[in-house]
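# Starting from these lines, generate the structure:
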Amino acid sequence: MPWRKFPAGASFPELRRFHLNKRTEEGLKKGVAFCEQAIAFDSKYALAYAGLADGFALLGFQGFLPPNEAMPQAQAAAEKALAIDEALAEAHTSLGCIRAIYCWNLRKASMFRPTISR
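Next comes the predicted model:
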């Protein structure tokens with residue numbers, strides 16, 4: 001889709017990963033902003049919700065946001081991505097990490113493995 005192209009010809013997945021992979025507060029917040037911008041254009045873009053889940057989870061894991069603020073947002077975004085596309089590996093991985101590290105629910109965390117092995 002044409003709106004998935006951002007300035008200088010970069011695509012949403014490239015910019016999302018570029019900023020999230022910086023692992024700095026500024027980079028993570030920019031990554032979250034790109035995801036929110038993509039969702040504003042297309043509320044059914046599952047990959048944007050998965051990126052939003054990653055961004056909020058990393059902001060919480062690294063102490064840039066309080067975990068009790070970041071993790072519910074991360075979990076909701078991952079669940080929304082899966083509601084749109086139940087086979088999206090990125091969303092299963094995000095939700096598995098949230099469940100294992102934040103919720104301490106290893107049984108539910110392991111549920112993402114079958115999708116990744118497809």
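
# Now do the SS call for S94.
helix (DSSP: H, G, I helix; E, B strand; the rest coil).

# Tally up the residues packed near it, please.
In terms of burial, S94 registers 29 neighbours under the definition other CB atoms under 10 Å. In this view, the C-beta of every residue, glycine as well, is placed from N, C-alpha and C.

# Can you name the residues in contact with the helix or strand L82 falls within?
Under the criterion of DSSP states H and E, L82 resides in helix 67-84. With contacts defined as CB atoms under 8 Å, 6 or more residues apart in numbering, helix 67-84 is touched by 35, 44-50, 52-57, 59-61, 88, 90-92, 94-95, 98-99, 102-103.

# What is the least confident helix or strand in this structure?
None of the helices or strands of the chain scores lower by mean pLDDT, DSSP states H and E than helix 113-116, at a mean of 50.

# just to revisit the earlier point, so among the contacts of helix 67-84, which ones count as buried?
Using 16 or more other CB atoms under 10 Å as the burial test, the contacts of helix 67-84 include 35, 45-50, 52-57, 59-61, 88, 90-92, 94-95, 98-99, 102 as buried.

# Unless I misread the structure, S43 falls within a helix.
No: the assignment for S43, made by three-state DSSP, is coil rather than a helix.

# Which phi and psi values does it adopt?
In terms of degrees, to the nearest 10, the main-chain angles of S43 are phi -70, psi 0.

# any idea how far L88 is from it?
From S43 across to L88, the span is 15 Å (CB to CB, to the nearest Å).

# Could you list which of the buried ones among the contacts of helix 67-84 belong to helices?
Judged by DSSP state H, these include 35, 46-50, 52-57, 59-61, 90-92, 94-95 as members of helices.

# now the helix holding L82, how far from the chain's geometric center?
In terms of CA atoms, centre = their mean, to the nearest Å, the centre of helix 67-84 is set 8 Å apart from its chain centre.

# How about stretch 60-77?
Centroid displacement of stretch 60-77 relative to its chain, using CA atoms, centre = their mean, is 11 Å.
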